[in-house]
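*Asks:* My questions concern the predicted model and sequence given below.
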Amino acid sequence: MSLTLPIINPVINETNLFNENQIKVLKALFSTFIAELDDNEIQELISLNNEKNISSIISFGKFDLSSRPEFLEYFLKRLNSLSEDKVTQIKIILNLLSSRPSSYLLTGYFKPFYNLTRQQREKVIQTWSISSNLFRNLYRSFSLLITTSFWIYTPKEIANTIGYPVIDPEINSKKFTSKINSFPTYEFIEIPKEGCELKFDIIVIGSGAGGGVVAAELAKAGNSVLVLEKGKYYHQNDLTTKATDGFDNLFEMKGTLASEGNNIITLAGSNFGGGTVVNWSASLRPQDFLKKEWAEQGLDYFLSDEFNDAIDYVEKRIGVSSSQIVHNEQNKILIEGCKNLGIHYANVPQNTGKYTHSCGWCCFGCKYGEKQSTLMTFLQDARDAGAKFIQDCYVEKILIKNDKAIGVKAIVSSDRILTVLAKKVVVSAGTINSPALLLRSNIKNINIGKNLHLHPVIEAYGVFPDREVKGYNGSILTSICSEKENIDGEGYGVKIETPALHPSFVAGGFPWKGSLHHKKLFLELNHLSTLIIIARDKDSGNVFIDDKGNPKIKYTLSKRDGFNLLQGVILALKILVAAGAKRVSTGQVGIEDFIIKEVGNVEEKSFLEYLKKVEKIGLPENGVCIGTAHQMSSCRMGINSSNSVVNPHGKVWQVDNLYIADASVFPTAVGVNPMITVMSTAYSIAQFIKKDDSQILAKL
C-alpha cells in the first residue's frame, strides 16, 4: 500500500523561493506597514505620549521594518508554514508588483512597487482596503501576515518603548519556581528510521479536549491505548512565554491558518494537549437551550441525566470553579460598562483548580501548571492506566477492511513510516483535521467537512488614557456579557468577552490604517481595553482537502450572522464608553476612531451617529478583521447518514469500529467557549465505546 507523505515545504530562504525583485517588493511592503515616519508625524507621536521617554519614541517613529534582515528571515520561516498554493499566490503578487505594466494595474503607478514613495505606497494599500474584494484580499493578506509577524517578533527596544515585557515578568519569580515540577512527565515511543508496525486495542488520534478524555476513559477500562499526536510535548521548562515560541510550537501552522480568501484567521492548538494548552481557561457549560435544540434533532441523550453527569465529572476533574477569580483591568472594564448600562454580565468559571491564576500569558502555554489542560489531567490519567504516546505523528489515513477500521498509516518525525493495527480507532484530531483525515481515507459521506461552524469573532477597543489596563496581565477571560445571546429568538446571537491583549493579537484584530495610526495604537497598548464579540453562527462553511490531502477552509459570513455580530459590536462600543473610554474603534477597515465628547454618555448625539456609521459600513468580506478560535461541527452527529457523519454514539456511519470524539461532532455551534462541551461529549462517546455491541448499534 502506497503512502503519501504530508506536504512539508522546503526550508524557505531568499535563494530558493524569491528572486531579487520579489524580495525588493517584500521589503517595500515591510517599509510601508511599519514605516519610518517624517518629523511632523514623530512630533505627533510625542505629543500624544508625553509620559514616555522622548528619545525612545523618536527611535520608534524612525523605525523602518525593512532595515531588519533578521525579521526578513523570521518572516520567511513563517511563510514556510503556509500551504503551497498560498505561497505560490504570494509569489505571483510579488511578481506583478515588481513589473511596471502589471504594477500599474494594481497600483495606478507605472513603476515597480518598490520605486514608489512611502506616501504613494500607503495610498495604494489604503485604496486596496476599500476597493473590490480582490483588492481587499490583497490588503488583508499582506497587512495581516506582516503586522502580526512583526508584533510576534517585537524587537526588544520597541517592546520597551511601548511598555510590553515580551515574556511574563514573573517567569523567574517564586510563582514559577515553587511549581517547577508540577507538570507530569510523559514518555513517547521512538519510531526507528526504517519504520515499524504496532498493535493496540484502541488508537486515539489527537490529545486535546476530545482525545485526552477518550484516551483516559478507554485506558482505565483495561484497553491498550495508543495516542497519536501531530504536535509535540512541551514541559513547563520548555515554555518561554514568548510569542515567537508560542506561535511556532503550539498552534496549527504557527498561527497562520486562514480560510480560503483570507477572510477569517483561524487559531487552533497543535501540541500535546491541543487547544487546552493554549486556551484562556474559560469553562462554560453547554446551555439548556442548546441541549434542547440538539434533542429536538433526535439526540435525546443531551437532555439526559447521564450527559449532565458527564459535565459534572469533567468539571470536577479539571478543577472548574469561580471562587478563585480575581478580575484583571479588562474584565473590570467589561463589568463596569455592563453595570452602568444595566445589562447582563457574569463571571466565567475557570479550570484552574484552587488557583487564582493571574497569568495573561497562558495563550502561549501555562508555565505554572495551574491551568488544568488535558496535559495536566486526562492524559496523565491515561498514562497512569497504561496508555502509550507518539508525538510528531501525522496520520495519513485510516486503514479500512470490509467496512471496518483496522488501524492507521502515519508518518513520524517527517520521514518514518508507521503502521498501527487496532480493534477500534477514535479520531479526535479537531474540527479542521478530523474531516480531512476521513476524506484522505476515502470514506464516502457527502456530509464530511460540511456544516462547519467557527464562532466568528470581531473586536472593539476603547482607549483609557488615565487608566493602566495592560490587557496581557492577570487572568484573561473571567467575565462575560450575554445580553445579546438570543437576538433571533432561537438561541442565536453573540457573547461579549475579553481577550489576551498581546501585541500580536492587537495586530490581528484591528486593521492597519497607515503607519502613523499603527504606531500610535501600539504606543497606547497599555491603555487599550478590548472586547471580543463572538457569534453563535447559524450558517456554515466547509472543510475540504487539496490534491495533497491538506485541509482547506471555506467560510463566508452570512447576512444573518453578520447582522448579529454587528449588534454585538454596537453593544461592545456602548460598554466601553459606559466604562469611561475616551476613544473607541472596531475591527472594521472603513471606520475611523471616534473621540468621545462626553465621557460615559452613550446617548450623546455624535456617538449615536458614529454607531449608525458602524452599522452602515457593515462587515464586507476582507473589509473587517474576523477571527476564530472555536471550530465545530464538520463531522456532525445525527440520527441518519443523510445529514450527518456519526451516529448518536459517535460512530462513523459507513465504517464499523471508527469513532469521532471532538468538537467536529457537534450538531450546531454551541454558542459558548466549547471546551466543557467537547470534554463531556467525548466522555460520553467513550462510555458508548465501552459498551458498544452489534445489538446496540442495530437499534440506532
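*Replies:* Arrived safely, thanks for sending. Residues are numbered from 1 along each chain as shown.

*Asks:* From now on I want contacts and neighbour counts done on CA atoms only, so please keep to that.
*Replies:* Noted.

*Asks:* okay, how far is it across stretch 200-210, tip to tip?
*Replies:* 19 Å (CA to CA, to the nearest Å).

*Asks:* Only the buried residues of it, if you could.
*Replies:* Neighbour counts over stretch 200-210 (16 or more other CA atoms under 10 Å) mark 200-210 as buried.

*Asks:* One more: stretch 113-131?
*Replies:* Those would be 113-116, 118, 120-122, 124-126, 128-130, for stretch 113-131 by 16+ other CA under 10 Å.

*Asks:* List of residues touching that stretch?
*Replies:* Contacting residues not belonging to stretch 113-131 are listed as 24-25, 27-28, 31-33, 35, 97-98, 103, 107-108, 135-136, 138-140, 513-514, 589-590, 623 [CA atoms under 8 Å, 6 or more residues apart in numbering].

*Asks:* Go again with 7 Å.
*Replies:* By CA atoms under 7 Å, 6 or more residues apart in numbering, the residues outside stretch 113-131 that reach it are 24-25, 28, 32, 97-98, 103, 107, 135-136, 139, 513-514, 589-590, 623.

*Asks:* Please flag which of the buried residues of stretch 113-131 sit within strands.
*Replies:* Among those, none falls in strands (DSSP state E).

*Asks:* biggest separation within these, which pair?
*Replies:* Asn115 and Ile130 (23.2 Å; CA to CA).

*Asks:* Please report the number of neighbouring residues for the nearest residue to Phe33 once chain neighbours are set aside.
*Replies:* Distances taken as CA to CA, 6 or more residues apart in numbering place Ser515 nearest to Phe33, at 5.6 Å, with adjacent residues excluded. Neighbourhood size, Ser515 [other CA atoms under 10 Å]: 20.

*Asks:* Just give me the least confident of the contacts of stretch 113-131.
*Replies:* Least confident of these in the model: Gly590, at 88.

*Asks:* how many other residues sit next to that one?
*Replies:* Gly590: 19 neighbours (other CA under 10 Å).

*Asks:* ok, it to Ala579 distance?
*Replies:* 25 Å.

*Asks:* again, but for Arg68
*Replies:* 40 Å.

*Asks:* Neighbour count for the two, which is higher?
*Replies:* Ala579 (24 against 13).

*Asks:* contacting residues around that one?
*Replies:* Taking CA under 7 Å, 6+ apart as the test, what Ala579 contacts is 333, 336-337, 600.

*Asks:* what about the spatially closest residue to it that is not a sequence neighbour, which SS state?
*Replies:* Closest residue to Ala579 apart from its sequence neighbours, by CA to CA, 6+ apart: Gly337 at 4.2 Å. Assigned with DSSP: H, G, I helix; E, B strand; the rest coil, Gly337 falls in the helix class.

*Asks:* pretty sure Gly337 contacts Leu576?
*Replies:* Yes: the pair Gly337 and Leu576 passes the contact test of CA atoms under 7 Å, sitting 6.0 Å apart.

*Asks:* The two: which has the busier surroundings?
*Replies:* Leu576 (30 against 24).

*Asks:* Who are the packing partners of the helix or strand where the more buried one lies?
*Replies:* Assessed by DSSP states H and E, Leu576 sits inside helix 559-578. With contacts defined as 3 or more CA pairs under 7 Å, 6 or more residues apart in numbering; DSSP states H and E, the packing partners of helix 559-578 are helix 329-341, strand 457-463, strand 494-497, strand 528-535.

*Asks:* Check what contacts the strand or helix carrying Val277 and list those residues.
*Replies:* Val277 is part of helix 275-278 when elements are defined by DSSP H and E. Helix 275-278 has contacts (CA under 7 Å, 6+ apart) with 208-209, 268-269, 362-366, 373-374.

*Asks:* What's the first helix or strand after that helix?
*Replies:* Defined by DSSP H and E, the subsequent element after helix 275-278 is helix 288-296.

*Asks:* how distant is the helix or strand that that following helix is followed by from the center of its chain?
*Replies:* Following helix 288-296 in sequence order, the next helix or strand is helix 305-317 (DSSP H and E). On the basis of CA atoms, centre = their mean, to the nearest Å, helix 305-317 sits 26 Å off its chain's mean C-alpha point.

*Asks:* Now whichever helix or strand comes after helix 305-317: average pLDDT?
*Replies:* Downstream of helix 305-317, the first helix or strand assigned by DSSP H and E is strand 320-321. Across strand 320-321, the average pLDDT comes to 98.

*Asks:* now stretch 596-611
*Replies:* Mean pLDDT, stretch 596-611: 98.

*Asks:* Same check on stretch 152-160?
*Replies:* 96.

*Asks:* gap between it and the chain center?
*Replies:* Distance, centroid of stretch 152-160 to centroid of chain: 23 Å (CA atoms, centre = their mean).

*Asks:* what does stretch 254-272 give?
*Replies:* 6 Å.

*Asks:* What of stretch 152-170?
*Replies:* 22 Å.

*Asks:* Keeping just the C-alphas, turn it into PDB.
*Replies:* Output in PDB follows, covering the C-alpha atoms of stretch 152-170 (Å, rounded to 0.1, in the frame of the first residue of the first chain):
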ATOM      1  CA  ILE A 152       5.000  38.400  17.400                       C
ATOM      2  CA  TYR A 153       8.700  39.100  16.700                       C
ATOM      3  CA  THR A 154       8.700  42.500  18.500                       C
ATOM      4  CA  PRO A 155      12.300  43.800  18.800                       C
ATOM      5  CA  LYS A 156      13.300  44.400  22.400                       C
ATOM      6  CA  GLU A 157      13.900  48.200  22.000                       C
ATOM      7  CA  ILE A 158      10.400  48.600  20.600                       C
ATOM      8  CA  ALA A 159       8.800  46.400  23.300                       C
ATOM      9  CA  ASN A 160      10.500  48.700  25.800                       C
ATOM     10  CA  THR A 161       9.100  51.800  24.100                       C
ATOM     11  CA  ILE A 162       5.500  50.500  24.100                       C
ATOM     12  CA  GLY A 163       5.900  49.100  27.700                       C
ATOM     13  CA  TYR A 164       5.500  45.500  26.700                       C
ATOM     14  CA  PRO A 165       7.600  43.000  28.700                       C
ATOM     15  CA  VAL A 166       7.900  40.300  25.800                       C
ATOM     16  CA  ILE A 167       7.900  37.500  28.400                       C
ATOM     17  CA  ASP A 168       6.000  37.000  31.600                       C
ATOM     18  CA  PRO A 169       7.700  39.300  34.200                       C
ATOM     19  CA  GLU A 170       7.100  36.600  36.800                       C
END
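
*Asks:* Report the buried residues of that stretch.
*Replies:* 152-154, 158-159, 161-164, 166, 168.

*Asks:* closest to Ser504 among these?
*Replies:* For the buried residues of stretch 152-170, the closest approach to Ser504 (CA to CA) belongs to Ile152, at 5.2 Å.

*Asks:* how near is the closest one to Leu565?
*Replies:* Ile152 is 27 Å from Leu565, by CA to CA.

*Asks:* ok, the residue nearest the centre of the chain to Leu619 distance?
*Replies:* For the chain, the residue nearest the mean C-alpha position is Leu267 (1.9 Å; CA atoms, centre = their mean). Distance, Leu267 to Leu619, using CA to CA: 20 Å.

*Asks:* How about His502?
*Replies:* Going from His502 to Leu619 by CA to CA gives 24 Å.

*Asks:* just Glu170 next, same as before
*Replies:* Distance from Glu170 to Leu619, counting by CA to CA: 40 Å.

*Asks:* next one: Lys27
*Replies:* 30 Å.

*Asks:* Please say which of those two ends up with more neighbours.
*Replies:* Higher neighbour count among Lys27 and Leu619: Leu619, with 24 against 19, using other CA under 10 Å.

*Asks:* residue contacts, the more buried one?
*Replies:* 562, 588.

*Asks:* Lowest-scoring secondary structure element of the chain by mean pLDDT?
*Replies:* helix 694-699 (a mean of 46; mean pLDDT, DSSP states H and E).
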